[in-house]
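[1] what's the 3D shape of this:
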Amino acid sequence: MKLWTLTTFLTVSILTFSGCVATSPKPKGVVDSTLPIVTLTDHGVFTDMKAVGFEWNSVMADSRVEGIYVYKKEVNSKDKANKFYDTIENRFVTHYLDSNVKPQTEYSYVFKTYTKNAESVPSREIFAKTLPALQSVSWIHVLQEMPRSAKILWRPHTNEIVQNYIIERKTLADDKWKELAVVKGRLNAEYIDKGLKDSHVYKYRIRSVTYNDITSAPSKEVKVLTKALPASVENIVASTDLAKKIILTWEKTRIKDFTTYNVYKASSIDGSYNLVKSTKNTEFIDNVDKDGQDYFYRVSVVDTDALESRNDEKSIHGKTLTRPVTPSLVGVKMIGDNIEINWKSTDPRVKSFVVEKVRKKSWVDSQTEEFVDIRGKVFVDTKIEPKMTYYYKVYSVDAYSIRSEASMEVKFTTKANQGKVVPVKKHSVQSPKKTIEEKSVVIPMDDFSMSDL
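    So this is what the prediction gives:
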């Protein structure tokens, strides 16, 4: 009933009196004791947290009265006497509202009627104490270690005049609280703050707001620590000696809410890393077409909340198996009607050699042959014709059939009395696969320059 009465009073006061303006009359200092004195009604004082209201008996019967002067002071201030505060410019008004007050503070008021030239004897001094500030919610709680978010819970305010809640937030680095959000509705009891930093501390508190914009004192503050990122992957190893592939392995994560590993790949250590695989295994096989190809890798852990561990602190280098060492040609010579080529190779990976032969009679007449699986370091070509130019290259081959780069090309041109004339006929070229064991002294030929090797 008291709440209804005060609400009604405030509404009436606002409608009947709009406050002092710059042109309002001010006290003249002349007292007329015949003017009516303001007397309050039996329940003529109303107080709220931020307002004091008054109701008095009408003075409109005296037509001399033009209005009422209001005097005011804060009881605990240094002021000894009430000072002129406001003017009510209508003798028919019987209510007055002062909204320029602080919660839980006592004030003193005096009223005087006035005419054009004088004012009445002051009313009795009236004391009014505003209500204590509205308290905020009685209970507040926040859930810990949520992923990049915080859930704030509270018990709805028991005072039915509460309409909204102001959520305030600050970090350990902030000096002041910042308004985060306004939650409408007294019975609402939670708010989720999103977009927060990982493993970061935040503080929250709540202010309650009434229907007439009275804001409560802040609630107690609560502190939250957001969820940390998963621990980084450890002991990542990438192969550097496998043919046509790179195998990446790492240690199994210890986090309980693990979902997957993400593997990233770049062509340079400071290049752009792209996601190439999401896997639950602790191994990734990267099939690569090129020999001796370099790549760089990073691996991260993802948990059930889609939080991903850091992976930008360390890049792992992987490489496919390089080509075998190119053989070094030593010499070429004629032995009877055959051409013998020999070379050197010190690479222990080499299992065999390939000789590429080009027969060139003219610029438009040439033929290429390959002789594979040569186990020794000497090749004897028995298909030699007179007055013909031949070009030879040698390749090393390892156990994975990876070829080296070609050796220096050697050129040999036969004379009219060298080689055998081959009858002209079409035939298929066969690649001999025999091991040549014969060795001979290297004799450089006229068309073969050792300085070119």
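[2] From here on, just use CA atoms for contacts and neighbour counts.
    Will do.
[3] Tell me where the stretch 301-450 of the chain is predicted with low confidence.
    422-450 (pLDDT under 70).
[4] 90 instead, please
    312-314, 331, 360-366, 419-450 (pLDDT under 90).
[5] likewise the stretch 51-200 of the chain?
    Low-confidence segments of the stretch 51-200 of the chain (pLDDT under 90): 77-81, 103, 132-134.
[6] which residues of it fall in strands?
    Applying DSSP state E, counting those that start in this stretch to the stretch 51-200 of the chain gives strands spanning 52-56, 67-74, 83-88, 95-98, 106-114, 126-129, 140-142, 149-154, 162-171, 178-184, 190-194.
[7] before we move on, what about the stretch 351-453 of the chain?
    With strands called from DSSP E, counting those that start in this stretch, the stretch 351-453 of the chain shows them at 352-360, 366-374, 378-381, 389-397, 410-413.
[8] Which strands border the third one, and is each parallel or antiparallel?
    Translated: strand 378-381. strand 338-344 (antiparallel) (DSSP bridges).
[9] what angle separates the partner strand from strand 389-397?
    Orientation check (axes from the mean of the first three to the mean of the last three C-alpha atoms, to 10 degrees): strand 338-344 against strand 389-397 gives 40 degrees.
[10] if I look at Pro36, how far off is Ile402?
    As judged by C-alpha to C-alpha, to the nearest Å, Pro36 and Ile402 stand 119 Å apart.
[11] Which one's more surrounded, these two?
    The neighbour comparison of Pro36 against Ile402 (other C-alpha atoms under 10 Å) goes to Pro36, with 22 against 18.
[12] If I follow the layout properly, that one ends up in contact with Val59?
    Yes. Between Pro36 and Val59 there is a contact under C-alpha atoms under 8 Å: 6.7 Å.
[13] How about the contacts made by the spatially closest residue to Asn164 that is not a sequence neighbour?
    Leaving aside its sequence neighbours, Asn164 sits nearest to Lys184 (C-alpha to C-alpha, 6 or more residues apart in numbering; 4.5 Å). By C-alpha atoms under 8 Å, 6 or more residues apart in numbering, the contact set of Lys184 is 163-165.
[14] can you check Ser136 too?
    Residues near Ser136 by C-alpha under 8 Å, 6+ apart: 157, 206-208, 216-219.
[15] By neighbours, which of the residues you listed wins?
    Ser208 (28 neighbours).
[16] sorry, back to before: may I see the strands of the stretch 51-200 of the chain arranged in JSON lines, with distance to Val224 as well?
    Shown next, in JSON lines, are those (distance: least, C-alpha to C-alpha, whole Å):
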{"stretch": "strand 52-56", "distance to Val224": "41"}
{"stretch": "strand 67-74", "distance to Val224": "42"}
{"stretch": "strand 83-88", "distance to Val224": "48"}
{"stretch": "strand 95-98", "distance to Val224": "42"}
{"stretch": "strand 106-114", "distance to Val224": "40"}
{"stretch": "strand 126-129", "distance to Val224": "39"}
{"stretch": "strand 140-142", "distance to Val224": "7"}
{"stretch": "strand 149-154", "distance to Val224": "7"}
{"stretch": "strand 162-171", "distance to Val224": "10"}
{"stretch": "strand 178-184", "distance to Val224": "15"}
{"stretch": "strand 190-194", "distance to Val224": "11"}
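[17] Can you give me the neighbour number for Val31?
    Counted with other C-alpha under 10 Å, the neighbours of Val31 add up to 17.
[18] Identify the bridge partners of it.
    Beta-bridge pairing for Val31 (DSSP bridges): Glu119.
[19] Test my guess that it contacts Ala118.
    Yes. Between Val31 and Ala118 there is a contact under C-alpha under 8 Å: 5.5 Å.
[20] OK, contacts around the residue nearest the centre of the chain?
    Among the residues of the chain, the one closest to the centroid is Lys197, at 8.1 Å (C-alpha atoms, centre = their mean). Neighbouring residues of Lys197 by C-alpha under 8 Å, 6+ apart: 148, 226.
[21] at 10 Å instead, please
    Taking C-alpha atoms under 10 Å, 6 or more residues apart in numbering, we find Lys197 in contact with 147-149, 225-228.
[22] how far away is Val110 from Lys80?
    Computed as C-alpha to C-alpha, the Val110 to Lys80 distance reads 13 Å.
[23] Identify the contacts common to the two.
    Lys73.
[24] The two - which one has more neighbours?
    More crowded of Val110 and Lys80, by other C-alpha under 10 Å: Val110, with 20 against 10.
[25] distance of that one from Arg124?
    7 Å.
[26] Quick check: chain neighbours aside, which residue is closest to Tyr71?
    Nearest one to Tyr71, counting by C-alpha to C-alpha, 6+ apart, is Phe84 at 4.3 Å.
[27] pretty sure that neighbour contacts Lys26?
    Yes. Under the criterion of C-alpha atoms under 10 Å, Phe84 makes contact with Lys26 at 8.3 Å.
[28] For the two, list the residues in contact with both.
    Counting by C-alpha under 10 Å, 6+ apart, the shared contacts of Phe84 and Lys26 are Tyr69.
[29] Would it be right to say that Val233 lies in a helix?
    No. Applying DSSP: H, G, I helix; E, B strand; the rest coil, one finds Val233 to be coil, outside a helix.
[30] ok, for it, nearest residue in space, not its chain neighbours?
    Closest to Val233 by C-alpha to C-alpha, 6+ apart is Ser300, at 6.0 Å.
[31] Could you measure from the one you found over to Leu35?
    According to C-alpha to C-alpha, Ser300 and Leu35 sit 89 Å apart.
[32] now Lys265
    Distance from Lys265 to Leu35, by C-alpha to C-alpha: 96 Å.
[33] okay, those two: which has more neighbours?
    For Lys265 versus Leu35, neighbours defined as other C-alpha under 10 Å are more numerous around Lys265 (22 against 19).
[34] what secondary structure does the more buried one sit in?
    Three-state assignment for Lys265 (three-state DSSP): strand.
[35] need the contact list for it.
    When the contact criterion is C-alpha under 10 Å, 6+ apart, the partners of Lys265 are 271-277, 286, 295-299, 315-317.
[36] ok, now Ala406?
    Here Ala406 is in contact with 325-328, 354-356, 392-396 (C-alpha under 10 Å, 6+ apart).
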